[in-house]
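**Q** compute the structure for the input listed below.
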Amino acid sequence: MVSAVLLMASLLVPAIAGADGGKKPPPYALIYGTVWDPGGHPIYGVKVKIRRADEKKARWELYSNHSGEFAQRVPAGQADYVVWADVKDYKLPSGRKLKPGAEATVHIENDERSDIGLHLDW
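**A** As a prediction, this is how the structure comes out:
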């Protein structure tokens, strides 16, 4: 009985290990950032938009997490990206309105991580 189980396991392990065809995922770069309120505190739930510098419309939209952080994979290779916070529909519990700060330009050379900060204004 034990030998039958071992035989089955030895036949299944190579099949499971090769299920993806041995393909590597494509390389990518990472744009990682934090959204800060005017007081210097990280802020949750702010929409972040990212576009290539040579394009007009945002290609990616995501939201800052509870630590004010966000991360977006972009294709590896030389490219410039523009990142900004969209606070048009964002409401603070206090009722105060936020204004977007300056856009951040990110230059990517290859498969690397670039860290940025987006600072909002009143």
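**Q** can you give me the strands in this structure?
**A** When secondary structure is read from DSSP state E, the chain shows strands at 28-36, 47-52, 60-63, 69-75, 79-86, 104-108, 113-119.
**Q** partner strands of the last one, with direction?
**A** Translated: strand 113-119. When pairs are called by DSSP bridges, strand 113-119 turns out to pair with strand 28-36 (parallel).
**Q** tell me how far the strand it pairs with is from the chain's mean position?
**A** On the basis of C-alpha atoms, centre = their mean, to the nearest Å, strand 28-36 sits 6 Å off its chain's mean C-alpha point.
**Q** now do stretch 71-85
**A** Using C-alpha atoms, centre = their mean, the offset of stretch 71-85 from its chain centre is 9 Å.
**Q** span of it from start to end?
**A** As for stretch 71-85, its first-to-last residue distance stands at 13 Å under the measure C-alpha to C-alpha, to the nearest Å.
**Q** what's the answer for stretch 33-50, then?
**A** 12 Å.
**Q** next, the buried residues of that stretch.
**A** Buried residues in stretch 33-50, counted by 16 or more other C-beta atoms under 10 Å: 33, 34, 35, 36, 37, 42, 43, 46, 47, 48, 49, 50. C-beta here means a position set from N, CA and C on the backbone, and glycine is covered the same way.
**Q** same thing with stretch 114-121?
**A** Of the residues in stretch 114-121, those scored as buried under the neighbour-count criterion (16+ other C-beta under 10 Å) are 114, 118, 120.
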